[in-house]
Structure formats: C-alpha cells, structure tokens
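# Give me coordinates for this.
(one chain, ligands or ions: 2)
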Amino acid sequence: DRDVPKDCSAKRQRTDPKVPPTLPAGPSRYDGPFPFYRRPSEMGRFSLDGQRCYHGDARKLRYYAPPPIEGPSPGFDLRDGYHDRYVRRDESIREGLEHLLRWVSQNRKLLQSEDKGRPLNADFITWRGHLTKVLTTPYETQEGWLLAVSLFRGTLYISEVETEAARKQREERSELLKELTYMGYKFEQYMCADTPDGTPDPTGVVNTNEGFCTVIRTRLGTHSLLFSGEVDCTDPRSPWPDPPSCYVELKTSKVMHSPAQRRSFYRHKMIKWWAQSFLPGVSRIVAGYRGPDGTIVGLETFETMKIFQLIREDPGCWKPAVCMNFCAAFLAFVKKVVTEDNSKLVHLFAWEPGQPVSFTVHRDSSYTFLPDWYVDALST
Ligand code: 0WD
Ligand code: CA
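Ligands and ions are numbered 1, 2, ... in the order given. So this is what the prediction gives:
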C-alpha cells in the first residue's frame, strides 16, 4: 500500500493511451526564449478579382500612397460610399483552403521534395489567418476556435471551421459593426493607388471580393510552413524593397486620448496586429485613427519588429515568445496526433478560453475539406 504513489490516478490519466491527450494553452508554460523562426520568403502570389475569381498573378496588388507627411490631418471620411458604392463579399460562402490549394497545385514544381512519397516539401499548409489565431491563443479570453486537420501525402493541411458562436455573431452582426467593417476597407482605398506612382481614387467602389495574397514559406522550430495571407499593399518607396518586407498592413482603430487607453490598445489589439504581420514578415503596420464622426484624425506607423519594445515595459502585457512557443507546441501536438495519411480523415482540434486544446476524429464526414480535384491533382 505504502508503495503506491498518491497521484497514481492523475498520472494514469496523462499516460493512458485510451485517454486522448490535450495541450495546455495558458501563457506561463510557454514563457521562455524566442524559438527559431526562419526569415519568411515569398514563394508566389495570386489575386482574387471583383467576382472572387482566382488569377495566378499580382493584378490586385495595390501601392501604398499615403497623404503628404506635412500638412493637415487627412480627414478621410470612412463612411463615404457605404450605401451606394459598396460591393460586399458573400461571407456565408465558406471557401476553406480552395484558392491557396489552387496556387499549390499550379506551382508543385516550386515545392518538390526529394522524398518520393511526399510531393510537397512542407509539413504544414494553411492560411496565415489560422496561424494568427494559434499565436494569440495563450492570451485570448473571448473567442475559441476549431481547426480541421488532414494529413495527405506527408503534408498536414489546416483549415478553420466556423464555431457556433462565430456563426451566430456573424449572422447577428449589428448595423454599427457592419459599418465599422466597411470603414476598414474604405481606409485602404484612401491609402492605396493602382499603380506605383498613382494617387488613390476615393470616388471608386469598395469591392471586398478583391484581394491580393502572398504565398510564404518559413520554418518554426522543426516545422516547415507554407501559408498564404492577404496583403493590403506594397510600398514602392519602402526602405526594404523586396517582398514580403515591402508590404504594408493597414488598420483602423478608435482614436485614443489617455495613456490608459493606449495601454489597453497595446494589450488587446496590438497582439493581433503583431501576430498577423510578423508571421509573413510584413515589416510595417499603418494605423488610421478614427474620430467619433468616422473620419481619420491621425496616422501612425508601427514597425512590426519593434512592437515588442513598446510592450516590454508593461509587465501585464503579452509576450511574442509565448505566442511563438505555443504555436510550435501546437504544431508538434498536431504532428503527434495526426499520423494516418488519408485525405478524407479529419482531426478537429478545438479550443475554448480557459481550456486546453482537445480534438475529435471524423471519418468520411462533412468535415472533410480537401477537394477531390486537389487530391486527384496531387496523386498523379
Ligand atoms: O472562407 C473563409 N471563411 C475564410 C477565407 C476564412 C479565412 C480566410 N479566408 C481567405 C479568403 O480567401 C481571404 O482572401 O483568406 C484570405 C485572407 O487570408 P488571411 O490573410 O490568412 O486572413 P487574415 O489574416 O485573417 O485577414 C487578412 C485580411 C483581412 O484584413 P484585416 O485588416 O481585417 O485583418 O483578409 C481579409 C480582411 O481584409 N479577410 C477576408 N477576406 C475574405 N474572406 C476574410 C474572409 N473570410 N477574412 C479576412
Ligand atoms: Ca488590413
């Protein structure tokens, strides 16, 4: 009796093969040195046009064209055109990885590996936005996520599944929130031109079907990653002329009036901005501050690599290393769990604030997300 350790039941839980493993997500466990993250390199680009059609080129890339630095505050009216010059993408259409997979299938030669059983030289293929959610998980207190994973010919594909809560929020979005979403796109129109030396045309239509995406290759610890992300514009006069460093991310946020407001902005909003731009190596984020009347009252540029210096002074703030270490741990967890190579098999990883990451297994179900055309294309 005396030899039986007191915590044997807890220990059995952790090692019993019949109990599915989970991954803790609290920040304390991931506090440590910043992990290896290879400088992201651009492998390719594609565009989505006004009808949401794919083109394997940069036709929808726009050029950063800010107002002159000197001179009055811009006064851009972000509400202009909301009722009469707005074409909204149908958000009920779930595209999954479709456009990214089209790029991959058309650029297989660029991704070829030595390994015969593995046509693509990447451990993971996903959208950048999905990885952003993983990075911010240790500090997220509001929204959970669902990520579907399939292992197909040696590569793990990650595709987000909308949670019930997110669907409800999307369907019940208030008029105010809809207008705020539009205002973000309108800001892009005020700040971007169609040609390197052009000027913005705020009289045009805002069409959110349009987009330009960069395809990035990098490595986090032992995980090679291929992901794509939508990019707002490139700066033809950037101090770092090559992509992805020359890209600029545009954001809008409510104008701040006190140090407390700024601290809260750093703690809760900046983490998302940082994660989104750090992942693909976008070097600058330009914030447009909204006044109460919906006009821009000021601009501020953040260098992505310097954001950690802004937050370091605040002991209650998030840490970039925690975000990256958690992401590396999550990818290792996925690799350990998903070992059956089967395009129809889906492991659904689920996370809710305050909980560890867990998963469920789905065979030949509605969760299957790799399209037949893609599976066929990569099997030949
Ligand atoms: O089918 C879907 N529900 C999703 C499609 C979910 C997530 C992404 N996508 C696709 C779309 O094809 C989109 O073009 O991803 C692309 C963007 O991918 P991303 O860069 O990985 O996503 P993210 O970093 O979350 O967002 C970047 C920008 C956003 O800018 P802001 O400044 O708001 O972060 O892409 C736009 C948005 O302008 N965006 C979307 N555009 C179309 N459909 C979507 C979406 N669902 N989500 C963000
Ligand atoms: Ca943006």
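# Please enumerate the strands of the stretch 101-250 of the chain.
Taking DSSP state E, counting those that start in this stretch as the criterion, the stretch 101-250 of the chain carries its strands at 124-127, 145-152, 155-161, 192-193, 206-207, 211-220, 223-230, 233-234, 247-254.
# Please say whether there is contact between the second one and ligand 1.
I take that to be strand 145-152. No. Under the criterion of C-beta under 6 Å from any ligand atom, strand 145-152 makes no contact with ligand 1; the nearest approach is 11.4 Å. Where you see a C-beta, it was placed from the backbone N, CA and C, and this is true even at glycine.
# For that strand, buried residues please.
Buried residues in strand 145-152, counted by 16 or more other C-beta atoms under 10 Å: 145-152.
# Which elements pack onto it?
Secondary-structure packing of strand 145-152 (3 or more C-beta pairs under 8 Å, 6 or more residues apart in numbering; DSSP states H and E): helix 128-136, strand 155-161, strand 346-351.
# where in the chain is pLDDT low?
1-17, 70-71 (pLDDT under 70).
# I'd like to know which residues of the chain are adjacent to ligand 2.
232, 250 (C-beta under 5 Å from the ion).
# residue nearest the centroid of the chain?
Gly129 (1.7 Å; C-alpha atoms, centre = their mean).
# Skipping adjacent residues, who's closest to it in space?
Distance criterion C-beta to C-beta, 6 or more residues apart in numbering; nearest residue to Gly129, sequence neighbours excluded, is Gly229 at 6.7 Å.
# go on, Leu156?
Phe124 is the one closest to Leu156 (C-beta to C-beta, 6+ apart), at 5.0 Å.
# after the helix or strand containing Ser264 comes which helix or strand?
Using DSSP states H and E, Ser264 sits in helix 259-268. Next in sequence after helix 259-268, counting helices and strands by DSSP H and E, comes helix 270-278.
# Tell me the helices and strands packed up against that next one.
By 3+ C-beta pairs under 8 Å, 6+ apart, helix 270-278 packs against helix 128-136, strand 247-254, strand 284-290, helix 307-312, helix 320-337.
# Next, the buried residues of the fourth one.
Along helix 307-312, the positions that meet the burial threshold by neighbour count (16+ other C-beta under 10 Å) are 307-308, 311.
# ok, Thr301 - contacts?
By C-beta atoms under 8 Å, 6 or more residues apart in numbering, the residues touching Thr301 are 284-287.
# Check the spacing between it and Thr339 real quick.
45 Å (C-beta to C-beta, to the nearest Å).
# tell me which parts of the stretch 151-300 of the chain are close to ligand 1?
160, 184, 211, 229-230, 251, 276.
# Now do the same contact list for the closest residue to ligand 1 within the stretch 51-200 of the chain.
As assessed by C-beta to the nearest ligand atom, ligand 1 sits closest to Gly129 within the stretch 51-200 of the chain, at 2.7 Å. With C-beta under 8 Å, 6+ apart as the criterion, the residues that contact Gly129 are 160, 229, 276.
# Looking at these, which one is closest to Leu48?
Gly229 (12.8 Å; C-beta to C-beta).
# Can you spell out which residues form a bridge with that closest one?
Thr214 (DSSP bridges).
# and it, how many residues sit next to it?
24 (other C-beta atoms under 10 Å).
# ok, now Phe369?
Counted with other C-beta under 10 Å, Phe369 comes out at 22.
# Give me the neighbour count for the residue nearest to it when sequence neighbours are not counted.
Closest residue to Phe369 apart from its sequence neighbours, by C-beta to C-beta, 6+ apart: Ser159 at 4.6 Å. Residues lying near Ser159 (other C-beta under 10 Å) number 24.
# what's across from Ser159 in the sheet?
Ala148.
# The closest residue to Asp194 other than its chain neighbours and Glu91: what is the separation?
In space, and not counting its chain neighbours, Asp194 is closest to Arg62: 6.4 Å by C-beta to C-beta, 6+ apart. To Glu91, Arg62 is 22 Å away according to C-beta to C-beta.
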